[in-house]
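S.K.: Sequence and predicted model, in that order:
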Amino acid sequence: MEASGPTIVWMQSTGAAPAGWYPWGANAVRWWDGAGWTDHVAYKGGTAARPPRPPHSRHPLPFAVGALGVILVSLVASRYLLDALVRFHWPIAVYVLLAGVIGYGPVMSFCWLGGRRWGTGSFRDDSGLYFRAVDAGWGPVTWLSCIGAQMVVGVIVVVTGIPITSNTQGVDDLSADRGYVIALLVLAVIAAPIVEEIVFRGVVLRGLLTHMGPVAAVAIQGVLFGVAHFDPVRGSGNIGLIMVLGAVGVVLGGAAYRFRRIGPTIIAHGIINAVAMTLALTGWPNR
């Protein structure tokens, strides 16, 4: 069976037809993905055909490795640099903002330049930075899935006696400083979810998908997400924390792969951080 004459000639000669169903012979339609024919054929008079899911975008591995390396180095550098600057006794809010700029600024620059070098040149397309109205529902659902993963791994950590230290420990020490609270919330609830989702679910996951299947790619990027929260100050407490956050990273990676965008994962990540910061700032866990 073949596509109708004018249609196939036009598509093969221009390659510019938008994705959609097109006549295929006398009694069927076939899905054109914008670049070529797929195996999806629907016959007239049969069940209504649904468009196939588009393949998940992929990036060259150097793009993913570079983004991962930059964010790890910049996060560590921000910690040591702030330790060196603390002797100047600037307002706490200034240190929080500096942590965001130093920790996230370099990797955002790399992702933008890397997209122009290895990607499409569109920052949104290369990172999957898209939102849809339904994400207002899928975001909280993804968050609940993350909570479930945290609980399962948390039980394992507690039962086996694996050391764990919270990454919000000590946050409430200066909670009376209003500027500190506002700056910390902006960094944790808005900046961190956007940047970390762009890096891990938008770039690293897509880079891993070029060399392995989705299950392995989602699992590995989740582990790397947990490792990115390593802090030498916590000592052995990093082990349990990396396990718990790694589980969260796996859930977020699975959602990003499923939806082909990071809108729902940004919302879920923001809720996770908002809840954690609220509990930490109120000192509720200590009470």
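M.R.: Alright, I've got the coordinates.
S.K.: Could you use CA atoms for every contact and neighbour count after this?
M.R.: Noted.
S.K.: elements contacting whichever strand or helix holds Pro193?
M.R.: Assigned by DSSP states H and E, Pro193 falls within helix 192-196. Counting by 3 or more C-alpha pairs under 8 Å, 6 or more residues apart in numbering; DSSP states H and E, the packing neighbours recorded for helix 192-196 are helix 263-282.
S.K.: Let's see the helix it packs on as CSV, backbone CA atoms only.
M.R.: The C-alpha trace of helix 263-282 is given here as CSV (Å, rounded to 0.1, in the frame of the first residue of the first chain):
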residue,chain,number,x,y,z
GLY,A,263,6.8,21.1,33.7
PRO,A,264,5.3,18.5,36.1
THR,A,265,8.7,17.7,37.7
ILE,A,266,9.5,21.4,38.3
ILE,A,267,6.1,21.7,40.2
ALA,A,268,6.7,18.5,42.1
HIS,A,269,10.3,19.5,43.0
GLY,A,270,9.1,22.9,44.1
ILE,A,271,6.5,21.4,46.4
ILE,A,272,9.1,19.0,47.9
ASN,A,273,11.4,21.9,48.7
ALA,A,274,8.6,24.2,50.0
VAL,A,275,7.4,21.6,52.4
ALA,A,276,10.9,20.8,53.6
MET,A,277,11.8,24.5,54.1
THR,A,278,8.5,25.2,55.9
LEU,A,279,9.2,22.4,58.3
ALA,A,280,12.8,23.4,58.8
LEU,A,281,12.1,27.1,59.3
THR,A,282,9.4,26.5,61.9
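S.K.: in the stretch 151-287 of the chain, which spans are helices?
M.R.: 178-185, 192-196, 205-208, 214-227, 237-259, 263-282 (DSSP state H, counting those that start in this stretch).
S.K.: Let's have those helices in a markdown table, adding distance to Phe63.
M.R.: As requested, the helices of the stretch 151-287 of the chain are exported to a markdown table (distance: least, C-alpha to C-alpha, whole Å):
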| stretch | distance to Phe63 |
| --- | --- |
| helix 178-185 | 30 |
| helix 192-196 | 15 |
| helix 205-208 | 7 |
| helix 214-227 | 14 |
| helix 237-259 | 17 |
| helix 263-282 | 21 |
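S.K.: which one of the ones you listed lies closest to Asp83?
M.R.: Closest of the helices of the stretch 151-287 of the chain to Asp83 is helix 178-185, at 16.7 Å (criterion: C-alpha to C-alpha).
S.K.: quick one: strands adjacent to the strand ranked longest in the chain?
M.R.: In the chain, assigned by DSSP state E, the strand with the most residues is strand 37-43. Using DSSP bridges, the strands paired with strand 37-43 in its sheet are strand 28-32 (antiparallel).
S.K.: what about the strand it pairs with, average pLDDT?
M.R.: Mean pLDDT, strand 28-32: 81.
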